[in-house]
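Peer 1: below is the structure, and that's it, no one-letter string:
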């Protein structure tokens with residue numbers, strides 16, 4: 001877990017020095033709350049994005065896993081389904097599906113990484129829509145905790161991870 005937090009924090013520094021293809025924003029941030037939004041376009045159709053989305057092992061960066069291997073991720077894309085990671089000798093619940101609308105929207109209760117051990121509530125909505133000859137993908141994330149969570153300090157690192165994720169999801 002310390003490795004994961006370190007990777008996230010290093011990533012937030014990299015975000016400040018590199019321009020990313022997608023639009024990313026820490027919309028609001030305070031000690032007990034943040035709202036994030038990332039948007040990008042893809043040449044993939046909405047259905048192709050959906051098929052890739054529900055296989056996080058194909059697009060989630062291995063540096064942001066507990067096992068160091070994306071192939072250990074799985075997602076059951078139905079209400080109540082789980083985004084989990086299983087490896088020899090361990091497993092972790094990353095989130096649960098609140099809404100699955102194939103080709104259009106996936107909403108998760110998803111306190112990934114250090115947010116989980118802080119007891120933070122996180123809702124992550126992934127919206128896919130038609131755009132020109134492909135798709136527009138939008139990530140909206142709302143996190144609520146206590147002032148002790150210091151979410152304003154974590155928001156840039158989470159924004160980096162989600163920006164990296166949306167770019168990998170959108171790639172052909």
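Peer 2: All right, it came through fine. These numbers come from a predicted model, not from an experiment.
Peer 1: give the buried residues for the lengthiest helix in the chain.
Peer 2: Criterion DSSP state H: the longest helix present in the chain is helix 151-170. By 16 or more other Cβ atoms under 10 Å, the buried positions in helix 151-170 come out as 151-152, 154-167, 169-170. For glycine as for every other residue, the C-beta is placed from the backbone atoms N, C-alpha and C.
Peer 1: which parts of the chain are helices?
Peer 2: 2-17, 46-53, 114-117, 151-170.
Peer 1: least reliable of these by average pLDDT, please.
Peer 2: Looking at the helices of the chain, the lowest mean pLDDT belongs to helix 2-17 (a mean of 39).
Peer 1: give the contact list for the closest residue to residue 66 other than its chain neighbours.
Peer 2: Sequence neighbours aside, residue 92 is the residue nearest to residue 66 in space, at 5.2 Å (criterion: Cβ to Cβ, 6 or more residues apart in numbering). Going by Cβ atoms under 8 Å, 6 or more residues apart in numbering, residue 92 touches 66, 84, 85.
Peer 1: again, 10 Å this time
Peer 2: 1, 65-67, 72-73, 83-86, 112-113, 116 (Cβ atoms under 10 Å, 6 or more residues apart in numbering).
Peer 1: that one and residue 128, how far apart?
Peer 2: Remark: distance between residue 92 and residue 128 (Cβ to Cβ, to the nearest Å) = 26 Å.
Peer 1: same deal with residue 114?
Peer 2: Remark: distance between residue 114 and residue 128 (Cβ to Cβ) = 28 Å.
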